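# After the sequence you'll find the predicted model.
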Amino acid sequence: MEQTSKKLAHEPEKRERSQTTEILRRLRKNKGAMLGLAIVVFLVLVSIFSSVYFDYDSQVIRQNMLQRLKSPSAEHIFGTDELGRDLFVRVLYGSRYSLVIGVVSVLIALVLGVFLGAIAGYFGDVVEEVIMRGTDIFQSVPITIMAIVIVVSLGQNMINLMIAIGLTSVPGFVRITRASVLTVKNQEFVEASKAIGLSKANIIFNHILPNCLAPIIVQTTLRVATAIVTASTLSFLGLGIPAPRPEWGGLLATGRAHIRDYSYMTFFPGLAIMITVLALNLLGDGLRDALDPKLKK
Amino acid sequence: MYRYVLKRLLLMIPVMLGVSLLVYCVLDLAPGDAVSFLAPADATLEEREQIRHDLGLDRNVFIRYAEYMVNMFHGDLGKSYLTGRDVFKTFAEKVPNTLYMGFTAVFISVILSIPLGIYAAIHRGTLRDNASMVFALFGISIPNFWLGLLLILYFSLKLRWLPSGGAQRPESVILPAITLGFGMMAMLARTTRSSMLEVINQDYLRTARAKGVPERVVINKHALKNALIPIITIIGTQISTVLGGAVVTETVFSWPGVGRLIVDSLNSRDTPQVTGSVILTTLFLSFIVLLVDILYGVVDPRIKAQYTSSKKRGKSVGADKQKVSA
Amino acid sequence: MRKFRCLAICALMVLGVISGSASAAASAASPKYKKEIIYATLGKIITIDPHAQSNTEHNYVFRTVFDTLLRYDWGSATINPRLATSWATDDAKIYTLKLRSDAFFHNGEQVKASDVAFTFKRAVGTNSANAVGILIENMELVNDFEIKIVLKRPNVDFPYLLCNPNASIMSEKAVKDDPVEGPGVGSGVWKIDSYEFGDYFRLVRNDNYWGEKALAEVLTIRYIPDATGRLIALETGEIDVCQNPDPLNVKKISETPGLAIQTWDASTMTYIAMNMSKPPFNNKDFRMAIAHAVNRKEFIEVGRNGYAREAFNFWGWSQYGHNGGTTPYEYNLDLAKEYLAKAYPNGGAKFEITVAPDRKLIAEFLQAKLKEIGIEVTIAETDYAGLTSTLAAGRHEATAYGVGLNPWGDTIRNMICPGGANSAFINDPRINELMDTAVTELDDAKRRAMYAKIQQILYEEAPYVPLYYATGFLAVKEGISGIEFHMGSMHNLSYIHMVEN
């Protein structure tokens, strides 16, 4: 990551536009990344249209005792769950929870992490020391354990879930932002901004951060993938968003209880999580390669 | 070097303090307390209150925390609310299980991934390379609890080859270890491949080939040796990720390790056991990270030089690696 | 009264000391028994001390490792001698018990009256045995093998309480010598060999037991919290018994070669509790509306896949004084709507139900059902610790929960009188008074009449909607037998065995 920002920072600002087109060109050439992007776009469309197309009350959560635990068939292509609800509908509808949790929790981390990282990097000294030690503390506890502790303590609902996952993702952003800011802050244009008397906030947010975007973008993409997995992990452990909302991890947890005789219930939600994460990883890898040609073989 | 190590060791003290404060006090916000698990279902309110009082739960959380801290610096992590047994002793009982699973996971992923990475590198650009790398990418993306369930479904339920859980038999470790190590394996395979590609076309290898050294020797002896440093780096940083990810794997496989101890204690609001276990886990992982960093210094003089120039490198090596881990 | 004249009971002792299924296997030309039986539980065991816990899993250990003074036999619904050879009382206040002289603790000490006194003194202030301990005013050692127990108030249910695992007799010497491991020294059929809390308990046969000895040599109790995990372990042969398989799997298990299902008619009642102490359920009409909108049969289908006995009123079916079937709530949506209209003339009825994950299904189903008559239900899911504290503090509006109801009458006290597990927060002076009187009443007919009256009041006040008594299941390897079932949670595993061919 540090090399990424160095590379960018050395580029004069004038060539910014041509650089962007160059990045996009490289990204387009990367088949994996384009596949990832396509899947991500597809998932977003699914999550939007599933709420338009399916009625939540009558199709997503309506129970049907006569249709319990039916294996996949033409009528229910993913089968039905233990309360007779169509799993295809529930898995599609569930995409919105996973995506929303992934995106919102990473946004929380992004805002907090970039802010703290930028301040740490720019001011240095005591400020940096305090922020970085705090980050150390947070980071030294394994992510899953930290998230579980937070969710159990705050109570179980979607907002707390996003807060918990967001908080565990903050250290990554702090470090990356700080590292980028460190490499940029002694550049001439920053000195120039200081000389003409711009405010510190102005310098940090309008001049330094835009030059640190590349690693942050990559980090964001990959973090969304992590967040989705962490969210489904928590749901799987019974700490996810409350019933009857069909979150993928929750569907998996239910499926697990019936894995012996009705393994299809476990298969599809897991597949959905994997495809989503795969797509985000592909996209993230592609972005990294595109933003940092030096790493590309 | 010694100064660097000493500094890293000293830095662990505030980290421990911070972690314990965070866990102990955040846990106090959680609804309910250990009394729910100690009182029988039909206990009266007075009986519940008595148990709460006996545990000291009716006092201010900060006072309790301060006492806990004082005891901690005397080497006493307290007694479990639930079992009344020593927190450290309970933790120590579970550690071997988690380490056994963790290191088996690392071992399996190392012995599988490096050949796979080399194989892919040698056949660069072919279908075989692509297939290996797609496999690796799936490996990184697969949520490990799902992988665990699929393995149970196939290898224990269908084929009846391996036990589905517990740590009773020697072969019990195989499925959890594969589950836990799969992500690492995928990462390692990718790193091995790219690191091999970097060295494979270097001049000295071409020289070796020109001299008539068999291709197998070129790859195994000359190329691999030079490609090893980035691979070791990944192994080092992944060990702590792997051990940290044990929580879920232990739950899926009913593996009596530290992760499940923490989750169980958390569910029963056993604050001393949770706090103590998290502190010890964190301490342990920090030591591993430090150890790995020191090892680099021994292996690679270029890294040793950085100890003096860059202040907080060690931690960030592991930290900035982005990997999807459950 | 006649029930409490001891001489008749003493005669029982002569007929045979050991109750239940144990005796069947011992006689024939000694078949070969499987050496080790592994029993997988869903809850973890966290203590060896019978005064510290009293749930199902702990009772497995206490029932096998310890002995009680008396033993309740479910089959004949009688109380039988155990460590005590006889017991007598005239006024339900002073009980005299004679002990057998051939019982020894696992540390070699003889079981004496002083141990009994020690045990019950120790019980006071403990987590799970306080309820027994505080009933006792004082104890008098007549000699080494006879003790007189004086209660503070007459209690006709006291002999029943002496049958419970939390009244297991502990060794005074063992506890005083070693406060950590000593509480695990009993005089039962099995003794503790090794254990790790939250993982396993390994028991070995007590070859010095005074009565019939165990048939297997080792009994291991393993903690596998996940139902599927347990079942798969059973199928792959890792364990011999799987506690509480999911009812949805029961049919397939019984069809699987090599596996079998054992069932018992459990007395654990699942119910919906409505918190009467605050809105919206301080409104009786609203409670009645819910009570009449619930179709118990459907809940049995959803919650237990059909395997349960309908609960017609809020009382254990096997509990003393059960007034079976006289006052069930009628499932009648029109009537429910009528009550609802009285409670909410302008509509807008809604409430929140707080549940732990294991009753989520019931809450979800209730939510779907009540929506049909225009009641908006939101589900607050919390873990067990969160739920119990929420219920104890009365922060909930409603909950779905279960209670194990024992055979004696007073067992329901904490559900319907203030304090304890009364999650409906019913505080009715009539009930409180009747319960207090009934427990001291020696006349059978009078006592039954009081309990019948309480059940009628409960019907009219509708603090709870009783749903069902779930049928209990064990999934076992074919050939497992000898488990002495108990309608509550106190099965006796002492004589569990499996004949090997």
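Received it, and whenever you're ready, just let me know what you need. Numbering: from 1, shown residues only, chains lettered A, B, ... in the order given.
# Look at the residue with the largest distance to the centre of chain C and report its pLDDT.
Here chain C reaches farthest from its C-alpha mean at C:N346, the gap being 43.8 Å by CA atoms, centre = their mean. pLDDT recorded at C:N346 is 90.
# Dihedrals phi and psi, it?
phi -100, psi 20 (degrees, to the nearest 10).
# and it, how far is that from chain A?
23 Å (CB to the nearest CB, to the nearest Å). The C-beta positions use only the backbone N, C-alpha and C, and glycine is treated the same way.
# and that residue, what does it touch?
Neighbour list for C:N346: empty [criterion: CB atoms under 8 Å, 6 or more residues apart in numbering or on different chains].
# same deal with the one 4 residues further on?
Under the criterion of CB under 8 Å, 6+ apart, the contact list for C:K350 reads C:280, C:375-378.
# Which helix or strand lies directly C-terminal to the host helix or strand of B:V95?
For B:V95, the host element (DSSP states H and E) is helix B:87-122. Scanning forward in sequence from helix B:87-122 by DSSP H and E, the next helix or strand is helix B:127-141.
# And that next one, what does it pack against?
On a contact count with 3 or more CB pairs under 8 Å, 6 or more residues apart in numbering or on different chains; DSSP states H and E, helix B:127-141 meets helix A:264-291, helix B:87-122, helix B:174-200.
# And the longest one, how far out from the chain middle?
Between the mean C-alpha location of helix B:87-122 and the chain-wide mean there is a distance of 9 Å, by CA atoms, centre = their mean, to the nearest Å.
# Tell me where the model's unsure across chain C.
C:1-29, C:324-326 (pLDDT under 70).
# count of residues packed around the nearest residue to A:M265 once chain neighbours are set aside?
In this structure, A:M265 finds its nearest non-sequential neighbour in A:G255, 3.5 Å apart by CB to CB, 6 or more residues apart in numbering or on different chains. When neighbours are counted by other CB atoms under 10 Å in any protein chain shown, A:G255 registers 25.
# tell me which element A:G255 falls in.
helix A:248-257.
# what's the distance between that helix and the middle of its chain?
Centroid separation between helix A:248-257 and its chain, computed with CA atoms, centre = their mean, is 21 Å.
# cool, and stretch A:186-194?
How far stretch A:186-194 lies from its chain's middle: 33 Å, per CA atoms, centre = their mean.
# Closest residue of the stretch 51-200 of chain A to chain B?
A:P142 (2.7 Å; CB to the nearest CB).
# pretty sure that residue contacts B:V247?
Yes. The criterion here is CB atoms under 8 Å, and A:P142 meets it with B:V247 at 7.2 Å.
# Distance of C:V476 relative to C:I37?
10 Å (CB to CB, to the nearest Å).
# Quick check: neighbours shared by those two?
Here C:V476 and C:I37 have C:240-241 as joint contacts, going by CB under 8 Å, 6+ apart.
# Residues of the stretch 51-200 of chain B that sit close to chain A?
B:137-138, B:140-143, B:145-146, B:149-150, B:152-153, B:157, B:194, B:197-198 (CB under 8 Å from any CB of the partner chain).
# Give the buried residues for the helix holding A:G255.
For helix A:248-257, a neighbour-count test (16 or more other CB atoms under 10 Å in any protein chain shown) marks A:248-257 as buried.
# Pull the contacting residues for B:L162.
B:155-156, B:171-172, B:174-175.
# now do 10 Å
Applying CB atoms under 10 Å, 6 or more residues apart in numbering or on different chains to B:L162 gives the contacts B:151-152, B:154-156, B:169, B:171-176, B:178, C:236.
# do C:N313 as well
Taking CB under 10 Å, 6+ apart, we find C:N313 in contact with C:269, C:322-329, C:452, C:455-456, C:458-459, C:464, C:466.
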